[in-house]
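>>> generate coordinates for the sequence data below:
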Amino acid sequence: MNYYNFNKRDYLIVILAIILISFGITMPIGILLIIFLILNKINQYFQNEDNNKTFSTLFFN
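Numbering: from 1, shown residues only. The predicted structure is shown next:
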């Protein structure tokens, strides 16, 4: 299964972060946006893992 579902908002964050990093002055904001996106995807992955564990235990029991 695909745990990493990217929607339009995620692509917008990546493009905005690349633009901000390219300017140099707002580089920390761009880096924070990329870190925010990575943490958001990690959180989404763990939520899916928890859902799959409960489903698999219910299924096999």
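>>> measure G30 to S22 for me?
Distance of G30 to S22, computed by Cβ to Cβ, to the nearest Å: 8 Å. Every residue, glycine included, has its C-beta placed from N, CA and C.
>>> and these two? Which one has more around it.
Remark: of G30 and S22, G30 carries more neighbours, 20 against 10, as counted by other Cβ atoms under 10 Å.
>>> give me the pLDDT value at that one.
We have a pLDDT of 77 for G30.
>>> name the helix or strand for it, please.
helix 27-60 (DSSP states H and E).
>>> avg pLDDT for stretch 7-14?
Averaged across stretch 7-14, pLDDT comes to 78.
>>> run through who's touching it.
With contact meaning Cβ atoms under 8 Å, 6 or more residues apart in numbering, stretch 7-14 is reached by L33, I34, F36, L37, N40, K41.
>>> ok, now which ones touch the third one?
Contacts were defined as Cβ under 8 Å, 6+ apart; by that measure F36 touches I13.
>>> low-confidence stretches in the chain?
Within the chain, the segments meeting pLDDT under 70 span 1-6, 48-61.
>>> follow-up on the earlier one: from the contacts of stretch 7-14, which is closest to I15?
Among those, L33 lies closest to I15 (Cβ to Cβ), at 9.9 Å.
>>> how far away is G30 from N40?
G30 is 16 Å from N40, by Cβ to Cβ.
>>> same check, this time on I34
I34 sits 11 Å away from N40, taking Cβ to Cβ as the criterion.
>>> got the contacts of stretch 7-14 as JSON lines, with distance to K8 columns?
Formatted as JSON lines, the contacts of stretch 7-14 follow (distance: Cβ to Cβ, whole Å):
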{"residue": "L33", "distance to K8": "15"}
{"residue": "I34", "distance to K8": "17"}
{"residue": "F36", "distance to K8": "16"}
{"residue": "L37", "distance to K8": "13"}
{"residue": "N40", "distance to K8": "14"}
{"residue": "K41", "distance to K8": "15"}
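>>> which of the residues you listed has the most neighbours?
L33 (20 neighbours).
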